[in-house]
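**Student:** sequence-free structure coming up:
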């Protein structure tokens, strides 16, 4: 997927994670799309990952909304992608696109443990 197309899709979405991910792309962050999976398993995986991240004190944005969107998506297949903006913001954004790659279904951002405390963050993320 072209960077500009993905930026436009993210800018058309709602939520802070979507706009932060688009901003990361606009500033040269690395984008990689890969594989597809079934959302039923993804939703439970990311629900658990959310709890683990919260217990570890990892900053995140859009996690709850992304899990909700994955639940609402049902059993349809998705393509996965990731935007790494570690050098500028210390964030990694996980993207979930429909199989045609013409819509972003869900997006959240998380600060990897190695970047904890290296960037100023607003209050507790969700």
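**Tutor:** Done, it's in. Being a predicted model, the structure only gives us computed values, none of them experimental.

**Student:** Run through the strands of the chain in chain order.
**Tutor:** Taking DSSP state E to define them, one finds strands in the chain at 30-38, 60-61, 77-85, 91-98, 104-110.

**Student:** Save those strands as JSON lines, and put in mean pLDDT, distance to residue 6 and mean neighbour count too.
**Tutor:** From N, CA and C alone the C-beta is placed, and that goes for glycine too. Formatted as JSON lines, the strands of the chain follow (pLDDT from 0 to 100; distance: least, CB to CB, whole Å; neighbours: other CB atoms under 10 Å):
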{"stretch": "strand 30-38", "mean pLDDT": "83", "distance to residue 6": "6", "mean neighbour count": "13"}
{"stretch": "strand 60-61", "mean pLDDT": "93", "distance to residue 6": "18", "mean neighbour count": "24"}
{"stretch": "strand 77-85", "mean pLDDT": "93", "distance to residue 6": "8", "mean neighbour count": "18"}
{"stretch": "strand 91-98", "mean pLDDT": "94", "distance to residue 6": "8", "mean neighbour count": "23"}
{"stretch": "strand 104-110", "mean pLDDT": "95", "distance to residue 6": "8", "mean neighbour count": "25"}
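
**Student:** Which one of the ones you listed lies nearest to residue 3?
**Tutor:** Residue 3 sits nearest to strand 30-38 of all these, at 6.2 Å, using CB to CB.

**Student:** strands paired with the closest one, and their directions?
**Tutor:** strand 77-85 (antiparallel) (DSSP bridges).

**Student:** between the partner strand and strand 91-98, how many degrees?
**Tutor:** For strand 77-85 against strand 91-98, the angle by axes from the mean of the first three to the mean of the last three CA atoms, to 10 degrees is 160 degrees.

**Student:** What about residue 39, how many residues nearby?
**Tutor:** Residue 39 has 23 neighbours, counted by other CB atoms under 10 Å.
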